[in-house]
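# any chance you can model this:
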Amino acid sequence: MKVGKGDVIRLHYTGKVKETGEIFDTTYENIAKEAGIYNPKGVYGPVPIAVGAGHVIPGLDRRLVGLEVGKKYTIEVPPEEGFGVRDPKLIKVFTLGQFRKQGIMPFPGLEVEVTTDDGRKLKGRVLTVSGGRVRVDFNHPLAGKTLIYEVEIVEKIEDPIEKIKALIGLRLPMINTNDVIIEVGEKDVKIDFTKVKIDPKTLILGEILLESDIKFIGYEKVEFKPTMEELLKPKDQVVEAQPEETKEERKGEEEGEGDEAQSS
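Reported below is the predicted structural model:
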């Protein structure tokens, strides 16, 4: 069974820098621990993606097409199809005083976040500190590197409901998909998150990304519950349901109205 563009699959991979053999990413927990890149909050195991949707770097995404399920492959990705070539213009010079004002004592290798004149926040790495000047590299750490990916296509998902569950698992890995109600038609998908406890802002972003993913794999209409408009509505605009009156309370009101009518 071969993989095609638009297929939803689960894959294992380990990414290395070709020149050094350094492992920078992996879906295997044991390899992450051995390489010193283990993240206790990370989710390990086969990752779900839609092939061609940009869920992995472009060079790997394109090379997944045509691979067979169950087989292992070694894929080489050049810099221009990975994290880009190094751009000398992204190496900036700052004064030492600019860092000290923020309480930062820079040193080579320190990762920093700098706010530009137009308000953008850029993450970079200090290259050198000399003569009151600090050189910071804002290129991606893997820019200019040829990458090697060891890949195994674990599964090609065929069931429509399971495809949607896999995409939810990709975009909102913190939720239990068993709490989500999913309906799949020929060209439309309905997803009900009302039973899920999740931060509204996180859910809004998840719905935006999911809609794009689901339309990429061939569906034309995606409906969510709650809708993004409902999630964006301020809490003070939400009208809470009032408790129903008891029979005794209602009877008392009716009797009171009757007494007023007779007295008039």
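
# is it fair to say residue 99 lies in a helix?
Yes - counting by DSSP: H, G, I helix; E, B strand; the rest coil, residue 99 falls inside a helix.

# residue contacts, it?
Residue 99 sits next to 105, 106, 112, 134 when contact means Cβ atoms under 8 Å, 6 or more residues apart in numbering. Just so you know, the C-beta spots here come from the backbone N, C-alpha and C atoms, and that holds for glycine as well.

# can you tell me which residues contact residue 179?
Neighbours of residue 179 in contact, by Cβ under 8 Å, 6+ apart: 195, 196.

# would you list every one of the strands in the stretch 1-150 of the chain?
Taking DSSP state E, counting those that start in this stretch to define them, one finds strands in the stretch 1-150 of the chain at 8-17, 23-26, 47-50, 72-77, 91-95, 111-115, 121-130, 133-137, 147-157.

# distance of residue 161 relative to residue 134?
Distance, residue 161 to residue 134, using Cβ to Cβ, to the nearest Å: 54 Å.

# and which of the contacts of residue 99 is nearest residue 27?
residue 112 (29.5 Å; Cβ to Cβ).

# tell me, how many residues neighbour that closest one?
17 (other Cβ atoms under 10 Å).

# would you confirm that residue 69 contacts residue 1?
Yes - with contact defined as Cβ atoms under 8 Å, residue 69 counts as touching residue 1 (4.6 Å).

# neighbour-wise, which of the two wins?
Shown here are residue 69 and residue 1; by other Cβ under 10 Å, residue 69 has more neighbours (16 against 11).

# ok, now which ones touch that one?
1, 2, 3, 9, 153, 154, 155, 156.

# cool, residue 203 as well?
172, 193, 196, 226, 231.

# which SS state does it fall under?
helix.

# what does the one 5 residues further on give?
When classified by three-state DSSP, residue 208 comes out as helix.

# go on, the one 5 residues further on?
State at residue 213, reduced to three classes by three-state DSSP: helix.

# so what's the residue count around the closest residue to it other than its chain neighbours?
Spatial nearest neighbour of residue 213, excluding adjacent residues (Cβ to Cβ, 6 or more residues apart in numbering): residue 167 at 4.9 Å. Residue 167 has 27 neighbouring residues, counting by other Cβ under 10 Å.

# need phi/psi at residue 167.
Residue 167 has phi and psi values of phi -70, psi -40 when expressed as degrees, to the nearest 10.

# residue contacts, it?
8, 48, 50, 210, 213, 214, 217.

# for residue 201, see how far away it is.
20 Å.

# same check, this time on residue 103
29 Å.

# what's the answer for residue 78, then?
In terms of Cβ to Cβ, residue 78 sits 37 Å off from residue 201.

# neighbour-wise, which of residue 103 and residue 201 wins?
residue 201 (10 against 6).

# by neighbour count, which of the contacts of residue 167 wins?
residue 8 (26 neighbours).

# which of the strands of the stretch 1-150 of the chain sits most buried?
strand 47-50 (a mean of 22; mean count of other Cβ atoms under 10 Å).

# what lines up beside it in the sheet?
strand 8-17 (antiparallel) (DSSP bridges).
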